[in-house]
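Visitor: Predicted model and sequence below, questions to follow.
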Amino acid sequence: MHKGKSTLAKNFPAMSLARADAALTRPGSPFEIDERDIRGVRTRIWKNAPPTMRELFLFARAHGERTFTVYRDERVSYEAFARAALTIAAALQEAGLQKGDRVTIAMRNLPEWPAAVFGCVLCGGIATLLNSWWTGPELEHGLNDSGAKVAMVDRERLERIAEHLHNCPALQRIFVSRAGEEVAHPKVVKLETVIGAVNSWRELPSRPLPSLPLDAEDDATILYTSGTTGKPKGAVGTHRNSCSAVMARPYIQARGFLRRGEPLPALDPNAPQKSVLLVVPLFHTTGFHAILLPLMVAGGKAVLMHKWDPELAMQLIERERINATGGFRPSPGSWSNIRPSANTTSRRWKASPMAARRPPSSWRGSSGRKSRDRHPPSAGG
């Protein structure tokens, strides 16, 4: 065994869980814990978490021209993403969306996905994330069960639900991305007529944030269970639920440093950008809460794939300088015939895209309650 690993194993843990928790959550610390009554239940919360997804959005937008998503030849900066999201928010409001209305998002892992989600929540909608692997009847169930007024889908999902639309009376508008040819349906609008092509998002006007008030306890998301024992059920999450994710990941990592007897690493604003190969579906809580949201706070880059391809994955790892991936179980031999070039940088494969990061003191909001319902089991890329 490597000497360093042997020493670590011998001395671990350098600090008990109780001591590490106490050190990290003490008053005045970035991870300070507070308590408050939430819907009649005394609940422990993160004192310094962003209060709503609007603050999370603004923090992500501050990363400016850093690359946010990469999909094939499409590269989106944080500023371009922000302009697309705000344009979508304006379009939803023009379509009559009110605070608390549900908007379903059903599409592949595309650059349009996070723009649609944040466009929805910024204007008070509830982003309802449907499984993009569902069949037409299953998507019909999600649309009707959630009571969605608006759907944002890609071409493949539109094809699946087309013959079911007459069974979805609450659905008033459908925005479809990458449809190609014109769609002859009175409820369907091509998303490109609203936000343009992905690589042109940076040229969109810089719109103001919607002015309606948002609260940490406002409902923000619905994620669906897998339906193992019946039809899938929607699990409602508040802004607090989603914003807790950006605290939990760095907290767990910081506690790991203390338990190993290592000092917490100092933040380096000039450090290379973190890049993650995102092969987990974004409709799943792993892709959305555990990877995407913390990555946005850190200013990291999410590299998206149309579908899993080990050879393409190796090319992307080299080209995009990927230093994190995970959330899937490769089949035996799926990497065995792939030979990285001599220039490929060796990297440790991590499931998390985040380095330990302290929350910005400017948030001074609240967060921390776990979701009230379970989310679906992990699904591969």
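Guide: Alright, I've got the coordinates.

Visitor: ok so V236 is a helix residue?
Guide: No: V236 is assigned strand when assessed by DSSP: H, G, I helix; E, B strand; the rest coil, not a helix.

Visitor: The stretch 251-381 of the chain: helices as residue ranges?
Guide: Counting by DSSP state H, counting those that start in this stretch, the stretch 251-381 of the chain has helices at residues 285, 293-298, 310-319.

Visitor: Which stretches in the stretch 51-200 of the chain count as strands?
Guide: 67-71, 74-77, 102-106, 126-129, 150-154, 173-177, 188-190 (DSSP state E, counting those that start in this stretch).

Visitor: Make JSON lines from those strands and add mean pLDDT and distance to A95 to it.
Guide: To be clear about C-beta, it is placed using only N, CA and C from the backbone, and glycine gets the same treatment. Shown next, in JSON lines, are the strands of the stretch 51-200 of the chain (pLDDT from 0 to 100; distance: least, C-beta to C-beta, whole Å):
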{"stretch": "strand 67-71", "mean pLDDT": "98", "distance to A95": "25"}
{"stretch": "strand 74-77", "mean pLDDT": "98", "distance to A95": "24"}
{"stretch": "strand 102-106", "mean pLDDT": "98", "distance to A95": "10"}
{"stretch": "strand 126-129", "mean pLDDT": "98", "distance to A95": "15"}
{"stretch": "strand 150-154", "mean pLDDT": "98", "distance to A95": "6"}
{"stretch": "strand 173-177", "mean pLDDT": "97", "distance to A95": "5"}
{"stretch": "strand 188-190", "mean pLDDT": "95", "distance to A95": "9"}
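
Visitor: so which of those strands gets nearest P281?
Guide: strand 126-129 (9.2 Å; C-beta to C-beta).

Visitor: pLDDT weak spots in the stretch 201-350 of the chain?
Guide: 327-350 (pLDDT under 70).

Visitor: one step back: can I get the helices of the stretch 251-381 of the chain in CSV with distance to W113 and mean neighbour count?
Guide: Formatted as CSV, those follow (distance: least, C-beta to C-beta, whole Å; neighbours: other C-beta atoms under 10 Å):
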stretch, distance to W113, mean neighbour count
helix 285, 14, 24
helix 293-298, 13, 23
helix 310-319, 18, 16
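
Visitor: which one of those helices lies closest to D219?
Guide: helix 285 (15.7 Å).

Visitor: Can you name every helix or strand that the closest one contacts?
Guide: Helix 285 is packed against no helix or strand, with contacts defined by 3 or more C-beta pairs under 8 Å, 6 or more residues apart in numbering; DSSP states H and E.

Visitor: Can you get me the centre-to-centre distance for it and its chain?
Guide: 8 Å (C-alpha atoms, centre = their mean, to the nearest Å).

Visitor: M15 against R259, yeah?
Guide: Yes: the pair M15 / R259 is scored as a contact, 5.5 Å apart, by C-beta atoms under 8 Å.

Visitor: Report the backbone C-alpha coordinates of whichever strand or helix holds T43 in PDB.
Guide: T43 belongs to strand 41-46 when elements are defined using DSSP states H and E. Below are the C-alpha coordinates for strand 41-46, written out as PDB (Å, rounded to 0.1, in the frame of the first residue of the first chain):
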ATOM      1  CA  VAL A  41     -42.400  22.100  11.900                       C
ATOM      2  CA  ARG A  42     -39.200  23.300  13.700                       C
ATOM      3  CA  THR A  43     -36.500  22.800  11.100                       C
ATOM      4  CA  ARG A  44     -32.800  23.100  10.900                       C
ATOM      5  CA  ILE A  45     -31.600  25.200   8.000                       C
ATOM      6  CA  TRP A  46     -28.500  26.500   6.400                       C
END
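
Visitor: Flag every buried residue along it.
Guide: 43, 45-46 (16 or more other C-beta atoms under 10 Å).

Visitor: pLDDT added to these, as a markdown table?
Guide: Listed next are the buried residues of strand 41-46 as a markdown table, based on pLDDT from 0 to 100:
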| residue | pLDDT |
| --- | --- |
| T43 | 95 |
| I45 | 95 |
| W46 | 95 |
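
Visitor: Contacts only, for the nearest residue to D218 once chain neighbours are set aside.
Guide: Leaving aside its sequence neighbours, D218 sits nearest to H239 (C-beta to C-beta, 6 or more residues apart in numbering; 5.5 Å). Taking C-beta atoms under 8 Å, 6 or more residues apart in numbering, we find H239 in contact with 51-53, 121, 214-218, 220.

Visitor: Now with 7 Å, please.
Guide: Applying C-beta atoms under 7 Å, 6 or more residues apart in numbering to H239 gives the contacts 52-53, 214, 216, 218, 220.

Visitor: now swap in L277 and tell me
Guide: Applying C-beta under 7 Å, 6+ apart, we find L277 in contact with 303, 313, 316-317, 322, 325.

Visitor: same thing with V76?
Guide: The contact partners of V76, by C-beta under 7 Å, 6+ apart, come to 68-69, 111, 198, 201.

Visitor: Next: L86.
Guide: 122, 207.

Visitor: State the distance from it to F57.
Guide: 9 Å (C-beta to C-beta, to the nearest Å).

Visitor: same deal with D154?
Guide: Distance from D154 to F57, by C-beta to C-beta: 22 Å.

Visitor: okay, these two: which has more neighbours?
Guide: Per other C-beta atoms under 10 Å, whichever of D154 and F57 has more neighbours is F57, with 23 against 20.

Visitor: Not including adjacent chain positions, what is the nearest residue to the more buried one?
Guide: Nearest non-adjacent residue to F57, counting by C-beta to C-beta, 6+ apart: F118, 5.4 Å away.

Visitor: Then E140?
Guide: H164 (4.0 Å).

Visitor: Any idea how many residues pack against that neighbour?
Guide: With other C-beta under 10 Å as criterion, H164 counts 18.

Visitor: residue contacts, it?
Guide: Per C-beta under 7 Å, 6+ apart, neighbours of H164: 136-137, 140.

Visitor: Quick check: PyMOL command selecting the buried ones in the residues you listed.
Guide: To isolate the buried members of these in PyMOL, using 16+ other C-beta under 10 Å:
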select buried, resi 140
